[in-house]
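Engineer: Need a 3D model of the sequence below.
(chains A and B)
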Amino acid sequence: MKKDLVLNVKNLVVRYETEDGIVKAVNGLNLEIERGKAIGLVGETGAGKTTTALSLLRLIPEPPGVEECGLMELDGLDMLSLTPKELEKVRGKDISMIFQDPMTALNPVFTVGDQIAESIHLHEDVSYTEAQRRAIDMLELVGIPGERASDYPHQFSGGMKQRVVIAIALACRPKLLIADEPTTALDVTIQAQVLELMKNLRKKYQTSLIMITHDLGIVAEICDEVAVMYAGNIVEKGTLEDVFNRTKHPYTEGLFNSIPNIYDRKAMLTPIKGLMPDPTNLPEGCPFHPRCPYMDEDCKKPQTDRAISDTHFVRCSAYDRPGFHINRKEK
Amino acid sequence: MSDTILEIKNLKKYFKTKRGMLHAVDGINLTVERGKTLGLVGESGCGKSTVGRTILRLIEPTEGEILFEGKDITKLNRRQLKLVRKDMQLIFQDPYSSLDPRKTVSQIISEPIIANKILKSSQDIHNRVAELMSTVGLAARLFNTYPHELDGGRRQRIGIARALAMEPKFIVCDEPVSALDVSIQAQILNLLKELQAEFKLSYIFITHDLSVVNHFSDDIAVMYLGKIVEKAPAEELFANPLHPYTQALLSAIPIPELGVKKERILIKGEITSPINPPSECRFKKRCNYAHDKCDVHPELVEVSTGHFVACHLVGKQ
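Structural biologist: Numbers count the residues shown, from 1 in each chain, chains lettered A, B, ... in the order given. Here you go, the predicted structure:
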């Protein structure tokens, strides 16, 4: 059966050519997202999560960025062949993004109502008055009283600003929404409110979602699938059950072991030794091998994805060894 | 008998602002046992960092006593304070802005040693810095590097080595891991735990991250708008949270496990202004159980051994 894909990316490469060397931010990434699904893109600082997101919107600054990609289709539309003018029509309408920091994502000199209406007016064939009326509807949808449409961003708190950003992103009912750490700047009780809102809106509009985060707890809460990124590539991808309960990649295991367990406060943390590799000078083969407890000579050779099941793959050559398994137990 | 290293009595810190008095810390009592960790949890703006800084008298308290090993440090003059400060150190949240960019790693770590004239000869100082660097797991080759050359985790280790240089008894850790990635965060948490065991350190661990505080602390105090709303041993607090705010806070933690179906308690609204707060319970406006009694701010009362709550709904039933 052919999958109904909202996004299909093959062999995405992004590098930044700087005076200090070539930063290899994304290295041959493949990503498929089915319609209506939410996928969590997890990884640490410098894993290439945000660069991936920006390149899906074709927003990588060139130069210094260089983007190469075998295939990038958004709901069947070839994103690579579009002119900048055509891209403007797609961004904000078919694909939109929620940025990490709501304090800087909004324009301080326009009212929030105008900022939401702008996006509706640009993409849909409606008068500005009509766009503003719909902006007020959007505000109420995200839980802000409509009369506050004429307020400026500085009159809102962080959580409220993030709600406004969400309203802008969803104003034109995009097919794909990319949320880049949408709650990192917020307090936990406010984070809970915003996650609840995103969950409900996604259900209502059937929007597909890429949730970029470093918090596996958030992934468990709102995603259907999870992709773990390390040094510019996806090292493991699967359904929530696959990755959380049948973890395969040593890096994913390391991430889980680094998180304090709320139910077992005596448990010792087992951090991953060492540091993220320098993206201007990535190790040969598997980029994780210098930090990996299961490393052997084969890890220095180029890696390929291997399927564990229909939904689950891992990029780790250790599974060539007979009987290999990681220490984390299956649940 | 318990061995208390730090006791805070009725500590208040008000800041004068254009719009009125900002009650950052409003009459809190805390104790820290020797060799133990007190976790201070709360959301941004609740006053937890102000508490940390006031304890060290980096900010002068408006009112209250801070007893460090029985001595009230709010009454000390500058010279006496300088002596006590050797025993009390601070680790900052942001390892990027808390290190002087124009000094090398060894200069940063040796600064308190030189300033306090602990060691005189440069050879001794060099040896001590090398020792401290190895204690916190910094490679010797980093001796003459500058902070900007290092990543967040290593910078935080510099901050820790600098705090340890005075051989303190007590350290205020103000969000020491919130700027770090999880894998690095775990390394730093483990380091702080090892140092505590090795040097019998007492910590106040200030954080907004509840899973970290649970892992790290012996006792936990939950702050809301300048007041302590609940205080209990870590295990007790997580097993049996009584204050509506604590309950909401705990239920809001996203758990990285599947099949944990928990009731999420959503609280409405956001933290209210700490400027000229009304006399009602600080949490009343957001509380799902607010009623008439809540017009008066409740006192912190002990409901079971070591478990204190400030809420009219819980208490002597």
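Engineer: What are the buried residues along stretch B:277-286?
Structural biologist: B:277, B:281, B:282, B:283, B:284, B:285, B:286 (16 or more other CB atoms under 10 Å in any protein chain shown). All C-beta atoms are positioned from the backbone trio N, CA, C, and that covers glycine.
Engineer: what about the residue in the stretch 101-250 of chain A positioned nearest to chain B, how many neighbours?
Structural biologist: When scored by CB to the nearest CB, the stretch 101-250 of chain A has residue A:217 as its residue closest to chain B, at 2.9 Å. Residue A:217 has 18 neighbours, counted by other CB atoms under 10 Å in any protein chain shown.
Engineer: Just the pLDDT at it, thanks.
Structural biologist: If you check residue A:217, the pLDDT there is 89.
Engineer: Residue 254 - nearest residue in space that isn't next to it in sequence?
Structural biologist: Here I'm looking at chain A. Nearest residue to residue A:254, sequence neighbours excluded (CB to CB, 6 or more residues apart in numbering or on different chains): residue A:272, at 3.8 Å.
Engineer: my bad, chain B
Structural biologist: residue A:217 (2.9 Å).
Engineer: need the residues of the stretch 201-331 of chain A near chain B, please.
Structural biologist: Proximity of the stretch 201-331 of chain A to chain B (CB under 8 Å from any CB of the partner chain) is limited to residues A:214-221, A:240-241, A:244-245, A:254-262, A:265, A:267-272, A:275-276, A:331.
Engineer: redo that, cut-off 7 Å
Structural biologist: A:214-218, A:220-221, A:240-241, A:244-245, A:254-256, A:258-260, A:262, A:265, A:269, A:271-272, A:275 (CB under 7 Å from any CB of the partner chain).
Engineer: Taking the residues you listed, please make a PyMOL selection of just the buried ones.
Structural biologist: Applying 16+ other CB under 10 Å to those, the buried members can be selected in PyMOL as follows:
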select buried, chain A and resi 214+215+216+217+218+220+221+240+244+245+254+255+256+258+259+260+262+265+269+271+272+275
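Engineer: Tell me if I'm right that the residue nearest to residue B:254 and residue B:258 touch.
Structural biologist: No: counting by CB atoms under 7 Å, residue A:217 does not reach residue B:258; the two are 11.0 Å apart.
Engineer: now the buried residues of stretch B:277-286 in JSON lines, with secondary structure, pLDDT and distance to residue B:116?
Structural biologist: Shown next, in JSON lines, are these (DSSP: H, G, I helix; E, B strand; the rest coil; pLDDT from 0 to 100; distance: CB to CB, whole Å):
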{"residue": "B:277", "secondary structure": "coil", "pLDDT": "84", "distance to residue B:116": "40"}
{"residue": "B:281", "secondary structure": "coil", "pLDDT": "89", "distance to residue B:116": "45"}
{"residue": "B:282", "secondary structure": "coil", "pLDDT": "89", "distance to residue B:116": "40"}
{"residue": "B:283", "secondary structure": "coil", "pLDDT": "89", "distance to residue B:116": "43"}
{"residue": "B:284", "secondary structure": "helix", "pLDDT": "88", "distance to residue B:116": "47"}
{"residue": "B:285", "secondary structure": "helix", "pLDDT": "87", "distance to residue B:116": "47"}
{"residue": "B:286", "secondary structure": "helix", "pLDDT": "87", "distance to residue B:116": "46"}
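Engineer: circling back: helix, strand or coil for the residue nearest to residue B:254?
Structural biologist: Under the three-state scheme (DSSP: H, G, I helix; E, B strand; the rest coil), residue A:217 adopts helix.
Engineer: Contact partners for it?
Structural biologist: Going by CB atoms under 7 Å, 6 or more residues apart in numbering or on different chains, residue A:217 touches B:253, B:254, B:255, B:256.
Engineer: Include neighbour count and pLDDT when you put the residues you listed into a markdown table, please.
Structural biologist: A markdown table is the format used below for those (neighbours: other CB atoms under 10 Å in any protein chain shown; pLDDT from 0 to 100):
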| residue | neighbour count | pLDDT |
| --- | --- | --- |
| B:253 | 18 | 84 |
| B:254 | 21 | 85 |
| B:255 | 18 | 84 |
| B:256 | 22 | 85 |
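Engineer: could the residues you listed go into JSON lines alongside secondary structure?
Structural biologist: Output for these, formatted as JSON lines (three-state DSSP):
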{"residue": "B:253", "secondary structure": "coil"}
{"residue": "B:254", "secondary structure": "coil"}
{"residue": "B:255", "secondary structure": "coil"}
{"residue": "B:256", "secondary structure": "coil"}
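Engineer: Need the pLDDT of residue A:2.
Structural biologist: In this model, residue A:2 carries a pLDDT of 66.
Engineer: let me fix that: residue B:315
Structural biologist: Residue B:315 carries a pLDDT value of 60.
Engineer: And for residue A:26?
Structural biologist: The score at residue A:26 is 91. That number is its pLDDT.
Engineer: go on, the one 3 residues further on?
Structural biologist: We have a pLDDT of 91 for residue A:29.
Engineer: can you list the residues of the stretch 101-250 of chain B near chain A?
Structural biologist: So the stretch 101-250 of chain B meets chain A at B:151, B:153, B:181-183, B:185-187, B:189-190, B:208, B:211-212, B:214-215, B:234-235, B:248-249 (CB under 7 Å from any CB).
Engineer: swap the cut-off to 8 Å and go again
Structural biologist: B:151, B:153, B:181-187, B:189-190, B:208, B:210-212, B:214-216, B:234-235, B:238, B:248-249.
Engineer: least trustworthy helix or strand in the chain by mean pLDDT?
Structural biologist: No chain in the question, so chain A it is. Across the helices and strands of chain A, the lowest-confidence element by mean pLDDT, DSSP states H and E is helix A:102-105, at a mean of 83.
Engineer: other chain: chain B
Structural biologist: Within chain B, confidence by mean pLDDT, DSSP H and E is lowest for helix B:210-216 among all helices and strands, at a mean of 87.
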